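Q: I'd like to go over a predicted model; first the sequence, then the structure.
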Amino acid sequence: MNWLIRARRVGLWLRSGFLAVLGALLLGAACWAEEPTKVYDQMCPAGGQLPPIPGVVLSGVFTRGSFGEIFVPSLTEVGFVELCFNHFYLNETGSETLSVNLREVIPSNVIGPVIGSTPCLTLQHTSPSYDYFLVEFDFPEPVNVTPGRKYEFEVVSQTNKGLFEGVTIVRGGGGKGLFVLNDVAFGSTDLWYREGVTIPEPCTAALLLAGLGVLGWRWQVKGRGHPGQRVRFRPRR
């Protein structure tokens, strides 16, 4: 009879927790390869097309000092900024370290205080051709903004080598912002950019809920005992 009691206990344990844990692990494995979803807010050009862009005149600004773009978000957060660069000096090698500040803009397009910054990224200059490439700057945490107000994302070179050019759009991009160079705004040019937020996949939340459910179930089973378990009272001697 001992083996029968043990078998029943194993079966109860499997039903109570093991299958739930296994399901949570399978759910996590299925979600592991899925990428978070990007939600774009403002961008220039209007469709976010990568260069070269037919019918659009492009130029560039060297990665020295600071430059950026004034924009008006419609979302309540800014989580990332994507910028386009190109290799300007074809025979040069080296690296350039850049970061992005998010700044408030007060009336008359006066650049205000910094409200968020990205970690520094180092770009390696190794290409022998004048090609374009995309760089994403991610804020450690999404920065809260007020929809309808003006903000500027400011690209700052920590090395001031000027090995790259940030791609600018002279006309035809359909941008609604203003290009900024060393805290001065210009109305005839826009910086190529895309900004928005990153939304985690629902699978992450589902996995967390599954894990909490397993813990709650095991706690409940532990507290009330296994179903069918007999409680024996021994008389005091």
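A: Yes, it's here. Numbering: from 1, shown residues only.
Q: quick one: contacts for residue 176?
A: The contact partners of residue 176, taken as CB atoms under 8 Å, 6 or more residues apart in numbering, are 42, 44, 71, 72. The way it works is simple: take the backbone N, C-alpha and C, and place the C-beta from them, glycine included.
Q: Lowest-confidence member of these, which is it?
A: The pLDDT minimum for the contacts of residue 176 sits at residue 44, where the score is 90.
Q: how's this protein carved up into domains?
A: The record's domain parsing of the chain by automatic domain parsing lists 2-35+200-224, 37-199.
Q: Next, the distance between the ends of the longest one.
A: Criterion CA to CA, to the nearest Å; first-to-last residue distance in domain 37-199 is 5 Å.
Q: Make 44 the first number, not 1, from now on.
A: In the new numbering, first residue 44, that becomes domain 80-242.
Q: now the contacts of residue 219 as CSV including neighbour count and secondary structure?
A: Putting the contacts of residue 219 into CSV (neighbours: other CB atoms under 10 Å; DSSP: H, G, I helix; E, B strand; the rest coil) gives the following:
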residue, neighbour count, secondary structure
85, 23, strand
87, 22, strand
114, 26, strand
115, 16, coil
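Q: Tell me where this structure has helices.
A: Counting by DSSP state H, the chain has these helices, from start to end: 45-56, 62-75, 245-267.
Q: Confidence-wise, which of the domains of the chain is weakest overall?
A: Of all the domains of the chain, mean pLDDT reaches its minimum on domain 45-78+243-267 (a mean of 54).
Q: For residue 142, give me its contacts.
A: By CB under 8 Å, 6+ apart, the neighbours of residue 142 are 160, 161, 162, 163, 164, 180, 198, 199, 201.
Q: neighbours around the nearest residue to it once chain neighbours are set aside, how many?
A: Once flanking residues are discounted, residue 142 sits nearest to residue 163: 4.6 Å by CB to CB, 6 or more residues apart in numbering. Residues near residue 163, counting by other CB atoms under 10 Å, number 14.
Q: Perfect, I'm done here.
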